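Q: Let me see the structure of the following:
(one chain, ligands or ions: 2)
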Amino acid sequence: MAETKPIWTEGTVAGITHRTQNLFSLQIDADVAPFAAGQYTSLALDVDGERIAQPYSILSAPQNRPLEFFFYTQPDGQLSARLSQLKTGDRLWVQRKPEGSFTLQQVPAGKALWLLATGTGVAPFLSMLREGSLWQRFEQVHLVYAVRHWDDIAYNELIMATREHFGERFSFIPFVSREKREGCVHGHIPASISNGTLERVAGHPFSLDDSQFMLCGNPGMVQDALAALEQRGFTRSSEGRHGHITLEAYW
Ligand SMILES: Cc1cc2nc3c(=O)[nH]c(=O)nc-3n(C[C@H](O)[C@H](O)[C@H](O)COP(=O)(O)OP(=O)(O)OC[C@H]3O[C@@H](n4cnc5c(N)ncnc54)[C@H](O)[C@@H]3O)c2cc1C
Ligand SMILES: NC(=O)c1ccc[n+]([C@@H]2O[C@H](COP(=O)([O-])OP(=O)(O)OC[C@H]3O[C@@H](n4cnc5c(N)ncnc54)[C@H](OP(=O)(O)O)[C@@H]3O)[C@@H](O)[C@H]2O)c1
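A: Ligands and ions are numbered 1, 2, ... in the order given. This next block holds a predicted model:
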């Protein structure tokens, strides 16, 4: 089948926030089509006459502008390293029509929604928290955010504001793998599913009747967490089949 070419619109950098040596956020003014929280669009730069493009999850809520994105800088990467050098007012290309099915519309009804992310894979979940409709669909939301070092946890203010607003309905469970830190789980998401740590820390058991899981980020985490959940009897959702697990791997 022939690949459809993206239709590009020119965007302008409205702001850039460098969070750590290799994590940054961009605010971008661009005229994109309506999208759902969890979708991604492609960003591109023209380098030596060639358009270099990659997909990125939109972190801002669909109703808000400017658009916002959260990046890991791959030091020898074709695009992310260049995006990290942009300044306010610089131009870049934005795919006009966001796409992807990693959205709440694809998630069957349930009581508890478990959002499991590594690194920049938290972006679609922050868009969902900002958008807000998950609170009409789920009684309880658990955000599990796994990073190497505590300093890699971004958007703490948004997460804390959500906690303040929704109280016991929202739990935030940070995982830090390369240092020990009070209040964080030391380790990896898949093992914590298998050995019961995640349910214990959340104070909430998984349930085949009413738990839904969304997994995003590092493909190793996504595959291993999927396998750990399948071991517990949970199944993957797909078009036309209601399961418990919806996923997106970033590379
Ligand atoms: C749906 C989707 C949403 C995404 N959202 C985000 C986001 O919000 N934030 C973010 O930082 N990144 C996101 N990514 C990843 C992003 O698209 C790029 O892969 C990343 O920025 C690296 O691109 P680059 O051009 O800098 O590096 P590249 O030059 O493409 O690659 C450098 C290195 O990165 C690794 N790598 C990158 N892509 C792949 C791949 N497809 N397969 C195997 N290895 C790979 C390899 O080690 C490679 O050598 C997303 C990816 C997808 C598919
Ligand atoms: N973020 C992106 O969008 C992106 C895009 C392209 C490439 N990459 C690649 O990812 C690396 C850094 O990305 P990042 O900073 O976002 O961190 P990351 O490597 O995705 O790590 C984030 C967290 O996930 C953990 N993790 C790694 N593999 C796992 C697995 N199989 N199962 C469960 N947990 C796992 C890490 O633990 P450990 O401390 O044990 O590793 C860490 O706690 C770079 O080397 C780059 O090549 C990232």
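
Q: do you know how far the closest residue to ligand 1 within the chain is from Val141?
A: Going by C-beta to the nearest ligand atom, ligand 1 is nearest to Gly77 of the chain, at 2.1 Å. Just so you know, the C-beta spots here come from the backbone N, C-alpha and C atoms, and that holds for glycine as well. For Gly77, the distance to Val141 equals 32 Å [C-beta to C-beta, to the nearest Å].

Q: what residues does this structure put near ligand 1?
A: Proximity of the chain to ligand 1 is confined to 40, 54-57, 69-72, 74, 77-81, 100, 120, 123, 248, 250-251 under the rule C-beta under 6 Å from any ligand atom.

Q: what's around Leu158, how many residues?
A: The number of residues packed near Leu158 is 13, by other C-beta atoms under 10 Å.

Q: which SSE is it in?
A: In the assignment (DSSP states H and E), Leu158 maps to helix 156-166.

Q: Please, where are all the helices along the stretch 151-251 of the chain?
A: Secondary structure of the stretch 151-251 of the chain, counting by DSSP state H, counting those that start in this stretch: helices at 156-166, 189-194, 197-202, 219-231.

Q: domains of this protein?
A: Using automatic domain parsing, the domain parsing of the chain gives 8-95, 104-249.

Q: mind checking which of the ones you listed is nearest ligand 2?
A: Per C-beta to the nearest ligand atom, nearest to ligand 2 of the domains of the chain: domain 104-249, 2.4 Å.

Q: What pLDDT is listed against Met1?
A: At Met1, the pLDDT value in this model is 55.

Q: what does Gly77 give?
A: For Gly77, the predicted pLDDT is 95.

Q: That one: what secondary structure?
A: At Gly77 the chain is in coil, as set by DSSP: H, G, I helix; E, B strand; the rest coil.

Q: Show the backbone phi and psi for it.
A: phi -70, psi 150 (degrees, to the nearest 10).

Q: Just say which of the helices of the stretch 151-251 of the chain is most tucked in.
A: Most buried of the helices of the stretch 151-251 of the chain, by mean neighbour count (mean count of other C-beta atoms under 10 Å): helix 189-194, with a mean of 22.

Q: wait, isn't Glu199 in contact with Pro205?
A: Yes: contact criterion C-beta atoms under 8 Å: Glu199 and Pro205 qualify, at 5.0 Å.

Q: who's more crowded, Gly77 and Val141?
A: Neighbour totals were compared for Gly77 and Val141, and Val141 leads with 21 against 15 (other C-beta under 10 Å).

Q: tell me the secondary structure for the more buried one?
A: strand.

Q: which residues touch it?
A: Residues in contact with Val141, defined by C-beta atoms under 8 Å, 6 or more residues apart in numbering, are 112-113, 115, 129, 134-135, 166, 169-171.

Q: what do you get if the cut-off is 10 Å, keeping everything else the same?
A: Taking C-beta atoms under 10 Å, 6 or more residues apart in numbering as the criterion, Val141 is in contact with 112-115, 125, 128-129, 134-135, 162, 166, 169-172.

Q: Also Gln140?
A: Contacts of Gln140 by C-beta under 10 Å, 6+ apart are 110-114, 166, 168-171, 202, 204, 210-211.
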